[in-house]
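# quick one, what's the 3D model for this:
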Amino acid sequence: MSAYLMVHMTVSDPEQYQVYAKAVVPLIETHGGRFTIRGGKVETLEGKHDGRRMVVFEFPSMEALKGFWNSPEYIPVKKLRENAAVLDVWAVEGI
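Sure, this is the predicted structure:
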């Protein structure tokens, strides 16, 4: 069953965030993840969207997603985004 890493973010330092993005995407890919949404335009059909950028990665399983998130390789990469962005991150099982 697929799993999705869903992220809402506010970037305060775009240059430093790009350093993080360049490092994290290949790491996600090594765990089987791929972009499904990458900051595209959001059209609100009902309710509210708070304006933050949205990114979604699809993984082959929750185990693969957590393998990325908890990997020792991610620890130094995650530090690259400190003070560059504020993120809300969710792991969601697919169907």
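
# and for residue 84, the neighbour number?
Other residues lying near residue 84 total 19 when counted by other Cβ atoms under 10 Å. C-beta coordinates here come from the backbone N, C-alpha and C atoms, glycine included.

# show me what contacts it?
Residues near residue 84 by Cβ atoms under 8 Å, 6 or more residues apart in numbering: 11-14, 16-17, 19-20.

# quick check, nearest of the residues you listed to residue 49?
Among the contacts of residue 84, residue 11 lies closest to residue 49 (Cβ to Cβ), at 16.5 Å.

# so that closest one sits against residue 53, correct?
Yes. Applying Cβ atoms under 8 Å, one finds residue 11 in contact with residue 53, separated by 6.9 Å.

# mind checking which of the contacts of residue 84 are buried?
11, 16-17, 20 (16 or more other Cβ atoms under 10 Å).

# in strands only, show me the residues you listed.
residue 11 (DSSP state E).

# all helices of this protein, in order?
14-30, 62-69, 74-79 (DSSP state H).

# out of those, which comes closest to residue 41?
Short answer: helix 14-30, nearest of the helices of the chain by Cβ to Cβ, at 18.2 Å.

# list the helices and strands the closest one packs on?
helix 62-69, helix 74-79 (3 or more Cβ pairs under 8 Å, 6 or more residues apart in numbering; DSSP states H and E).
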